[in-house]
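Asker: need coordinates for the below:
(chains A, B and C)
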Amino acid sequence: MDKIRFFSPHEGISLSDLSGRCGAEIANPEFSGRIVTSIAPLSRAGSRDITFASSRKALPELKNSQAGAVFVTAKLAADVPAGVAALISADPQSAFALAGAALMPSAMRPLRFTSAVGVSEAAVVDPSAIIEDGAIVEAGAVVGARAEIGAGTVIASGAAIGEGTRIGRNCDIGHGVTVQHALIGNQVIIHPSASIGQDGFGYAPGPRGLVKIPQIGRVIIQDHVEIGASTTIDRGALDDTVIGEGTKIDNQVQIAHNVRIGRHCVIVSQTGIAGSTTLGDGVMIGGACAINGHITIGDGAQIAAMSGVASHVPANVRWAGIPARPMNGFLRDVADANARAFGKTGRARTEKGGEEQ
Amino acid sequence: MDKIRFFSPHEGISLSDLSGRCGAEIANPEFSGRIVTSIAPLSRAGSRDITFASSRKALPELKNSQAGAVFVTAKLAADVPAGVAALISADPQSAFALAGAALMPSAMRPLRFTSAVGVSEAAVVDPSAIIEDGAIVEAGAVVGARAEIGAGTVIASGAAIGEGTRIGRNCDIGHGVTVQHALIGNQVIIHPSASIGQDGFGYAPGPRGLVKIPQIGRVIIQDHVEIGASTTIDRGALDDTVIGEGTKIDNQVQIAHNVRIGRHCVIVSQTGIAGSTTLGDGVMIGGACAINGHITIGDGAQIAAMSGVASHVPANVRWAGIPARPMNGFLRDVADANARAFGKTGRARTEKGGEEQ
Amino acid sequence: MDKIRFFSPHEGISLSDLSGRCGAEIANPEFSGRIVTSIAPLSRAGSRDITFASSRKALPELKNSQAGAVFVTAKLAADVPAGVAALISADPQSAFALAGAALMPSAMRPLRFTSAVGVSEAAVVDPSAIIEDGAIVEAGAVVGARAEIGAGTVIASGAAIGEGTRIGRNCDIGHGVTVQHALIGNQVIIHPSASIGQDGFGYAPGPRGLVKIPQIGRVIIQDHVEIGASTTIDRGALDDTVIGEGTKIDNQVQIAHNVRIGRHCVIVSQTGIAGSTTLGDGVMIGGACAINGHITIGDGAQIAAMSGVASHVPANVRWAGIPARPMNGFLRDVADANARAFGKTGRARTEKGGEEQ
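Answerer: Got it, this is the predicted structure:
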């Protein structure tokens, strides 16, 4: 099975070209003309691959590397073996990401399921929808009345775009995705079976049960946002739900009505954000967090995985735990719990994956 | 972008008419003939909008409101500015929900993706299925053998209804939804990509691995239930999984086999309920809770978000935490954790979203 | 409503036949020729049903049973009422599962939504795809270029199989499922709206925002794996994501890039496993757990529901809690929390579902 690869190697890019694109500098100019065709992890990169090493933890693998080239920090350059080209970068991982984008361009956008060009005859497109030239609507996709789809955008088979929804250019709307009551920018990627723009969860308790509160807001998704598989984003109740530019949202995230997320945030899988909460710019939230409603998380704040955030979070802090609190206090409590469970030396042993019962 | 609205204003309803429908009383009879056309939040309701204020927290906004009308409690009526009609209600939010239903009727049911009337020729419907007149089956929907679909029900594009499944009247089965082995009442809403009636997770460990236990029960969903996007409800193993009348279930909730949920319960997103657990009537469960299997949660019990409920819960209590326990004990433990992390005054400062590290 | 059953009784299997298939011994040979037609729980099994009792907890129901036959351990055999056939098995539940498979064969594989034989004319299949004779591709399913589908496999309506993906024999790919960049073995079941093989969540932070790292690995799913509804499994970044033979994954589980799961593992719903973590064979993980990335969980380890696993876990341990730690230490901490909340006698009362506030 191991021979089957879904991404073919590139025909080749020279290191001088690649280092230019990635903002790196070739330590050994004699390798400028060397050609690489693919990316690989440090552990198994071969002579046609480019790889990276960011920290001293990678030293043992780095010293034995047979890669064609490796992005490294200046500090690690001396440890690159002879014969391997060292490309110096302040941020080897970012440089590697850019090299990957250059060498594997087909991996930068989701797979297309059919070879459709333009609007498939087997798609269901309302006559009043506006599909720009160069957009692709695959077989089995549905586009409602007055919806607008920009050039270069792919609406995958099995996706549905609701009446009046606008989707910008060069977007990918995945298989099984539902988008409604939404305005979506350019270069947005939505992975399979995500649901965007359905009713928020709003009811008023009444004498004969729960009364549904109409949800008449929208979902606004700005440019360069990526949204994971089976993620759900409810439309606003009276206001809008907003996802800021460049924000990346993982699989199975839940975003409730009226949430406003800033720019360049990262939200890892299975986190839920309750209604009317606001995140600043550059916020990072680990997986499986529960974020309370009607709170604010400041710019640049980082929340560790599996935290329960009950109250406002200041900017630029690192919080963790249930309830979420500054990292130091959280780590002390974790150490206490581990000490009770493992004995005094327990924590260190656990971190090494020790053998205790 | 802000001009694009998905829900158009109503042509207008008089306050006398609206107050009657919502069980409210007009404080200033001179406004009885005033017309409102839409709903809006207190902060930006204009002269054609109706809004509401429930508590003294809303006072600053209320005093500056320029709304056409506002539902308020009798206590708040004196603070309604001159020129704004005050509609007195014991429960302003419920009255507002009912007004919203009257003014925004199209928001009370999910969006339709096509303009299909009746059964689309591009739907895949088994000849033995029974589709009542007035039901809509959109293009790309699938209805299996001997399934039954009631009048007024919409089966959205991309939904699949399994063999023998019965769906009542005026239901909405969303895009990408799968329903099988299920009996569904009237006026049930199922949001996109929910999965109802697949196998429960049952295996017996055996010498050659796990042996699948056949799951031959059903899912019973009673009238007026609403089910969120990507929620999964497994069918019973030998008995049934049951969702009681009027219960509202949010996105990404997991309900395992044989769970029985009472009437008018609220289950917020990302909560999971393990197999064979029973919830009484009027139970409210916050988001991201994990509810153990084979336990009972009594009528009217309320469980806070991110709780882990390991054992039976009595009726009419408020529990929280991991493990879930009465709210007072939980709050003491939270205060202790916060005091350790923030110092003695930490908790109060946190609640204000303070600036501490 | 109670008359509607989705699984019809079998025409009948004799107890001598059934006990042979299930590795059980008939305690009363005079019942060897008795015919049973269905399975039922002990509480309501009738004269044509077979059921099981595994422990003394079932004694009251066992003594009153009117079942045709009951699988029991040797210890419980004396408590089987006269007239009920006792089938002795070291593992009554496994024997019951096998009996269920024999009596309810249609329940062993997911429901088909149409009566399609072969490739439906309403499916969208690339001409270069290879569909073995005996495979079924339902209306509305999509199969991409060079994909391969084995004999006996059903691709349900609304499923999409990406370019080059290989699916083995006798698999079931459910409605709304997306599979891409994947190699899938035989007898694999994937429930509705699961997403397999989309991009992992990998970004490098850069000066102009987050840079997407191309994800060029695959998902490898071995034989006899079952995957729940709305579960998401990302493809590897540079290496592969692997699910080992016989492993069972529940609904709404998230498995990140490069995770490697061993054979015959059980992962209950809403658990998330972060990137590059490795599970050994026979690992059991309860629901709603968060498993850190880049750690190892040893063979046979068991993790209780709602645990947060931050560090390596040795083989064959039982851990629980946030942070996860050996069960004894966890239970002491839970007892302490309950004692604070309920008073000293609180815990016992809670376990009985007591009436305290």
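
Asker: drop to CA atoms for contacts and neighbour counts, all remaining ones
Answerer: Noted.

Asker: the stretch 51-200 of chain A against chain C: which residues are in contact?
Answerer: Counting by Cα under 8 Å from any Cα of the partner chain, the stretch 51-200 of chain A comes close to chain C at A:93-94, A:96-98, A:100-101, A:104, A:107-108, A:110-114, A:139-140, A:157-158, A:175-176, A:191-193.

Asker: out of those residues, which touch chain B?
Answerer: Among those, chain B is touched by A:140, A:158, A:176, A:193 when using Cα under 8 Å from any Cα.

Asker: redo these as CSV? Include neighbour count.
Answerer: Below are these laid out as CSV (neighbours: other Cα atoms under 10 Å in any protein chain shown):
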residue, neighbour count
A:140, 32
A:158, 33
A:176, 36
A:193, 36
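
Asker: could you dump those residues into a markdown table with secondary structure and pLDDT added?
Answerer: As requested, these are arranged in a markdown table below (DSSP: H, G, I helix; E, B strand; the rest coil; pLDDT from 0 to 100):
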| residue | secondary structure | pLDDT |
| --- | --- | --- |
| A:140 | coil | 95 |
| A:158 | coil | 96 |
| A:176 | coil | 98 |
| A:193 | coil | 98 |
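
Asker: and the two most separated of those?
Answerer: A:140 and A:193 (14.3 Å; Cα to Cα).

Asker: mind jotting down where the strands sit in the stretch 1-150 of chain A?
Answerer: A:13-14, A:25-26, A:35-36, A:38-39, A:49-53, A:69-72, A:85-88, A:124-125, A:130-131, A:136-137, A:142-143, A:148-149 (DSSP state E, counting those that start in this stretch).

Asker: got these as JSON lines, with distance to residue B:279 columns?
Answerer: Formatted as JSON lines, the strands of the stretch 1-150 of chain A follow (distance: least, Cα to Cα, whole Å):
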{"stretch": "strand A:13-14", "distance to residue B:279": "62"}
{"stretch": "strand A:25-26", "distance to residue B:279": "64"}
{"stretch": "strand A:35-36", "distance to residue B:279": "61"}
{"stretch": "strand A:38-39", "distance to residue B:279": "53"}
{"stretch": "strand A:49-53", "distance to residue B:279": "53"}
{"stretch": "strand A:69-72", "distance to residue B:279": "57"}
{"stretch": "strand A:85-88", "distance to residue B:279": "61"}
{"stretch": "strand A:124-125", "distance to residue B:279": "42"}
{"stretch": "strand A:130-131", "distance to residue B:279": "48"}
{"stretch": "strand A:136-137", "distance to residue B:279": "45"}
{"stretch": "strand A:142-143", "distance to residue B:279": "39"}
{"stretch": "strand A:148-149", "distance to residue B:279": "45"}
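
Asker: which one of the ones you listed lies nearest to residue C:183?
Answerer: Nearest of the strands of the stretch 1-150 of chain A (Cα to Cα): strand A:38-39, 21.2 Å.

Asker: chain center to that closest one, what's the gap?
Answerer: Distance of strand A:38-39 from its chain centroid, counting by Cα atoms, centre = their mean, to the nearest Å, is 21 Å.

Asker: what helices and strands are in contact with that strand?
Answerer: strand A:49-53, helix A:92-103 (3 or more Cα pairs under 8 Å, 6 or more residues apart in numbering or on different chains; DSSP states H and E).

Asker: just say which of these is most tucked in.
Answerer: Highest mean neighbour count among the helices and strands packed on strand A:38-39 (mean count of other Cα atoms under 10 Å in any protein chain shown): strand A:49-53, with a mean of 27.

Asker: and it, which strands flank it?
Answerer: strand A:38-39 (parallel), strand A:69-72 (parallel) (DSSP bridges).

Asker: switch those strands over to a markdown table; also include distance to residue C:215.
Answerer: Formatted as a markdown table, these follow (distance: least, Cα to Cα, whole Å):
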| stretch | distance to residue C:215 |
| --- | --- |
| strand A:38-39 | 10 |
| strand A:69-72 | 18 |
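
Asker: where does the stretch 251-357 of chain A come near chain B, residue by residue?
Answerer: Near chain B, when you scan the stretch 251-357 of chain A using Cα under 8 Å from any Cα, you find A:252, A:254, A:270, A:272, A:290, A:296, A:308, A:311-314, A:317, A:323, A:325-326, A:328-330.
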